[in-house]
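S.K.: Model the following, please.
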Amino acid sequence: MKNTIKITLLIATLTVFGDLISNEIESNKSVVATKERVVEELSTIMPEATVSESEIPGIYSVSIGTMVGYVSEDGKYILRGDIYDMETNENITEGLRAKSRIELLKSINEESMVIFAPDTFDRTVTIFTDIDCGYCRKFHSQIKQVMEQGIRVRYLFFPRTGPGKESWLKAQKVWCSEDRLKAMTRAKKGSSIRSETCLDDPVESHYNTGLEFNVRGTPTLITDSGEMIVGYMEATSLRAKLDSES
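M.R.: Alright, predicted model coming up:
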């Protein structure tokens, strides 16, 4: 729902922007669309939007969080979808999303995460996890092997069934446990967790962040480069994937 609202808001913003630019150009034929004018107009409508020139001349990308849309410099055309470089087969739009994911992750205090880290590591993955998710449990069953690959795992709670449901309450119990690492492992094995309720658990914040990332299922992994990987991966395969990004 939240992402649907954001998409609608982005499209509405681009539509309003298109009307403004088109009307201005129509009333003043000498007007030349420039990045500065595009940024100025869009910043007025939506200050949090990030505007940049795309790889296509005359087309600007507009990002709100991880949502990306495109608009022509004259405001006449709005584009929704991904842009690919056919020579390199690179998804240009996904690159913009990756940058946004990195910035969003930077805004999350690591103290609010459940982190499994080896003594030495050179890679970090941030994982949206649901304690009752079968593949999340399968991934966690190899957490030792993952760490042996030099990978640090930062867990964010994403109970798929939503607030107040059993998975949500289990996540809160893990967070409120004296030893969160042991509690996470016990919970992922299906064992009960005994803990008192506590204040300021991060479950709701993590869940909302997952919605910002457009998480549709768990586990969802975010790499250091901002790439999103959906689904289970074995430890060695994950390491190979991370190495391929270097």
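S.K.: where does L181 sit relative to V114, distance-wise?
M.R.: 7 Å (Cβ to Cβ, to the nearest Å). Placement of C-beta: from N, CA and C, glycine included.
S.K.: now what about stretch 162-175, what contacts it?
M.R.: 114, 130-132, 157, 159-161, 180, 183-184, 187, 193-195, 197-198, 201-204, 207 (Cβ atoms under 8 Å, 6 or more residues apart in numbering).
S.K.: Please read the previous query as pertaining to stretch 81-90.
M.R.: 54-56, 70, 91-94.
S.K.: Assign a three-state SS to the nearest residue to I102 once chain neighbours are set aside, would you?
M.R.: Sequence neighbours aside, G226 is the residue nearest to I102 in space, at 4.3 Å (criterion: Cβ to Cβ, 6 or more residues apart in numbering). Classification of G226 using DSSP: H, G, I helix; E, B strand; the rest coil returns coil.
S.K.: what are the phi and psi angles of G226?
M.R.: Here is the backbone geometry of G226 (degrees, to the nearest 10): phi 90, psi 0.
S.K.: And the pLDDT at it?
M.R.: Listed pLDDT for G226 reads 96.
S.K.: Quick check: it touching K99?
M.R.: Yes: G226 is within contact range of K99, at 6.1 Å (criterion: Cβ atoms under 8 Å).
S.K.: Those two: which is more packed in?
M.R.: More neighbours surround G226 than the other of G226 and K99, with 20 against 15 (other Cβ atoms under 10 Å).
S.K.: I'd like the distance between the more buried one and I127.
M.R.: 14 Å.
S.K.: and what of T88?
M.R.: 29 Å.
S.K.: For the closest residue to T129 other than its chain neighbours, give its distance to M86.
M.R.: Spatially, and ignoring its direct neighbours in sequence, T129 is nearest to C136 (4.7 Å; Cβ to Cβ, 6+ apart). Look at C136 and M86: by Cβ to Cβ, they are 37 Å apart.
S.K.: got the contact list for the residue nearest the centre of the chain?
M.R.: Centroid-nearest residue in the chain, with Cα atoms, centre = their mean: F213, separated by 2.8 Å. Listed by Cβ under 8 Å, 6+ apart, the contact partners of F213 are 66, 101, 104, 128, 220, 222, 228.
S.K.: ok, the second one - contacts?
M.R.: So the one you mean is R101. Contacts of R101 by Cβ under 8 Å, 6+ apart are 66, 213, 222, 226, 228.
S.K.: please redo it, this time with the cut-off set to 6 Å
M.R.: By Cβ atoms under 6 Å, 6 or more residues apart in numbering, the residues touching R101 are 222, 226.
S.K.: per-residue confidence for it?
M.R.: 95.
S.K.: Quick one: low-confidence residue ranges for this protein.
M.R.: Low-confidence segments of the chain (pLDDT under 70): 1-39, 41-43, 45-46, 246.
S.K.: domains of it?
M.R.: Using automatic domain parsing, the domain ranges for the chain come out as 2-93, 112-244.
S.K.: hey, which of those is tucked in deepest?
M.R.: Most buried of the domains of the chain, by mean neighbour count (mean count of other Cβ atoms under 10 Å): domain 112-244, with a mean of 17.
S.K.: What's the end-to-end length of that one?
M.R.: With Cα to Cα, to the nearest Å as the measure, the first residue of domain 112-244 is 29 Å from its last.
S.K.: any idea how far it is from the chain center?
M.R.: Centroid separation for domain 112-244 versus its chain: 14 Å, with Cα atoms, centre = their mean, to the nearest Å.
S.K.: nearest residue to G231 other than its sequence neighbours?
M.R.: With Cβ to Cβ, 6+ apart, the residue lying closest to G231 is Y135, at 6.5 Å.
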